[in-house]
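Novice: pasted the sequence and its predicted model underneath.
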Amino acid sequence: MSTTTKIQPRALVRASGGPRYAVALAVDALGTGLLRPFLLLYGVTVLRLSAPATGIAMTVGIVAGLVCMPAVGRWLDRGARSTVVAASMLVRVVGVALLLATPAGHVWLFGTAALFLGIGNQAWPAAHAALVATVAHGRERDAALAGGRALRNAGLGVGALLATVCLAGGTTALQALAAVTGLAYLAAAALAWSVRLHARPAATPAEDGTDGPAPRMRALLAANVIYVFCLNVPEIALPLVLVTQLHASPVWSAAIFVANTVLVVTLQVPVTVLMSRFSRRSVLALAGVVLAASYLGFLVATSLGDGWGAPAVAAVSVVCTLGEIIYAGSATALVTALAPAQVLGRTLARFELSTGFGLAVSPTVITALAPHGPTALWGSLAAATLVSASAVAIEKDHGTAEQDQGTAQRPLPPGPSKPASSAIASGDGVK
């Protein structure tokens, strides 16, 4: 059984939307990395808000941003692609402008800025996945989605590193970083819009059941809420455990976060391509098993105490990152494979709603379980993830747009990727 074993960088860029769109993703990610990790710090130090008030405003903004997803899904199903991506970036420009205009002590205006930033952050993944699904097909699309995630993580990491260096400048530096972020979002929106990719789902031939109804995916959506906890493990769970339970230096948390970013950037595409010999659903179930094993590994590592606990946690975090990579490479790809063309946007919007909800509640759940001991935290996460993996594995696919089989796949071709029959585009590599 053959599989996608070769990665042609130029073909991967074309399958991802073209060079201009890749630059837009990189610029957008760089700008996001400059501000998003330090938004709480901006509210506390620049706007003189209390930490609880700042945190609540950010959480409300993120959750309220989820309300826009049904509208985004309907917009995508009317054929919009690059326009929605550009709009998700422009909305964040408004958020940054409001942030810069917020006077000290005005928590409601800060919350409004967080709302616009949240809308853009929630809308972008679905819009990006719909654009890639319009340009690329089959396992080429999976590799293209993985490549976009790797590029975005690289941009986020570089942006966060630059911002960390600039933080020595105090509040003035934070305001400057916010302004640069707004300019980056504006430039990225212009680049994304210039790709001018549009789809006409109504004109898509009914091949392989593409005219079927929207898949329910109840088990998949519920499981995804639990799966996405893995994205907050390096940022929230591990620093909390290392500092409060193992009394380790914060350097360990920073090293784990950097290692996580580097591994995702370097391994996301190769691992996704390697897993393409199996069905997407099987790979997603495997991701749950790997994540659950890593959570049990953290349980064992924390029992080693202050001496060996921190190095053991760092070692197990590599396994957790591998599970995250497998999950990220298969989840969105499975959803795009299951969705009929005419409801692709609404299906992706529902999936992103489950992702956003999981990301919103996971910090609360993690911080609530951690004080009750390692067993309560890691045992609960492992059990819930295993149950989720089982639900993913046994759920049946009905009326899928593509047969999710581990059949033979061809290597990414050296020439332009075959565009969707319903796509109309002008831009690099998408014609």
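Specialist: Now that the structure is in, tell me what you want to look at. Numbering: from 1, shown residues only.
Novice: only C-alpha atoms from now on, for both contacts and neighbour counts.
Specialist: OK.
Novice: which helix or strand in the protein has the lowest average pLDDT?
Specialist: Across the helices and strands of the chain, the lowest-confidence element by mean pLDDT, DSSP states H and E is strand 423-425, at a mean of 51.
Novice: contacts only, for Val225.
Specialist: Taking C-alpha atoms under 8 Å, 6 or more residues apart in numbering, we find Val225 in contact with Ser354, Thr355, Phe357, Gly358, Leu359.
Novice: all the helices of the stretch 51-200 of the chain, residue numbers only.
Specialist: 51-65, 69-77, 82-101, 107-135, 138-166, 171-195 (DSSP state H, counting those that start in this stretch).
Novice: phi and psi next, for Gly329.
Specialist: Main-chain dihedrals, Gly329, degrees, to the nearest 10: phi -80, psi -10.
Novice: so what's the residue count around it?
Specialist: Using other C-alpha atoms under 10 Å, Gly329 has 30 other residues around it.
Novice: my read: it touches Ala146, true?
Specialist: Yes - counting by C-alpha atoms under 8 Å, Ala146 is a contact partner of Gly329 at 5.6 Å.
Novice: overlap in contacts, those two.
Specialist: Common neighbours of Gly329 and Ala146 (criterion: C-alpha under 8 Å, 6+ apart): Gln268, Val269, Thr272.
Novice: what helix or strand is the residue in the chain sticking out farthest from the centre on?
Specialist: When distances are taken from the C-alpha mean of the chain, Gly307 lies farthest, 34.4 Å away, according to C-alpha atoms, centre = their mean. Per DSSP states H and E: Gly307 is located in helix 305-338.
Novice: sort out which residues of that helix are buried, please.
Specialist: For helix 305-338, burial by neighbour count (16 or more other C-alpha atoms under 10 Å) applies to 309-338.
Novice: roughly how far is that helix from the heart of the chain?
Specialist: Distance of helix 305-338 from the chain centroid (C-alpha atoms, centre = their mean, to the nearest Å) equals 14 Å.
Novice: next: stretch 101-113.
Specialist: Chain-centre distance of stretch 101-113: 27 Å, with C-alpha atoms, centre = their mean.
Novice: got the contact list for it?
Specialist: Stretch 101-113 is contacted from outside by 43, 46-49, 53-54, 57-58, 60-61, 94-99, using C-alpha under 8 Å, 6+ apart.
Novice: can you get me the start-to-end distance on it?
Specialist: Chord length of stretch 101-113, first to last residue, is 9 Å (C-alpha to C-alpha, to the nearest Å).
Novice: so for it, what gets flagged as buried?
Specialist: Thr102, Val107, Leu109, Phe110, Gly111, Thr112, Ala113.
Novice: possible to save the residues you listed as a markdown table with distance to Val67 and pLDDT?
Specialist: Listed next are those as a markdown table, based on distance: C-alpha to C-alpha, whole Å; pLDDT from 0 to 100:
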| residue | distance to Val67 | pLDDT |
| --- | --- | --- |
| Thr102 | 24 | 95 |
| Val107 | 21 | 91 |
| Leu109 | 19 | 94 |
| Phe110 | 19 | 94 |
| Gly111 | 15 | 92 |
| Thr112 | 14 | 93 |
| Ala113 | 16 | 94 |
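Novice: pick the one among those residues closest to Thr172.
Specialist: Comparing these against Thr172 with C-alpha to C-alpha picks out Thr102 as the nearest, at 14.4 Å.
Novice: re the thing from before, what helices and strands are in contact with the helix holding Gly307?
Specialist: Here helix 305-338 touches helix 107-135, helix 138-166, helix 229-232, helix 250-274, helix 280-302, helix 344-369, going by 3 or more C-alpha pairs under 8 Å, 6 or more residues apart in numbering; DSSP states H and E.
Novice: pLDDT on the last one, on average?
Specialist: Put plainly, it is helix 344-369. Average pLDDT, helix 344-369: 92.
Novice: got a list of what Arg350 touches?
Specialist: Residues in contact with Arg350 (C-alpha under 8 Å, 6+ apart) are Met69, Pro70, Leu221.
Novice: what of Leu145?
Specialist: Going by C-alpha under 8 Å, 6+ apart, Leu145 touches Ser16, Ala129, Val132, Gly329, Ala333.
Novice: model confidence for the first one, exactly?
Specialist: According to the prediction, Ser16 has pLDDT 70.
Novice: for it, which non-adjacent residue is spatially closest?
Specialist: Leaving aside its sequence neighbours, Ser16 sits nearest to Ala144 (C-alpha to C-alpha, 6 or more residues apart in numbering; 4.9 Å).
Novice: is it true that that neighbour touches Leu131?
Specialist: No - under the criterion of C-alpha under 8 Å, Ala144 makes no contact with Leu131, lying 10.7 Å away.
Novice: quick one, which of those two is more surrounded?
Specialist: Neighbours were counted for Ala144 and for Leu131 using other C-alpha under 10 Å; Ala144 has more, 30 against 27.
Novice: this completes my enquiry, with thanks.
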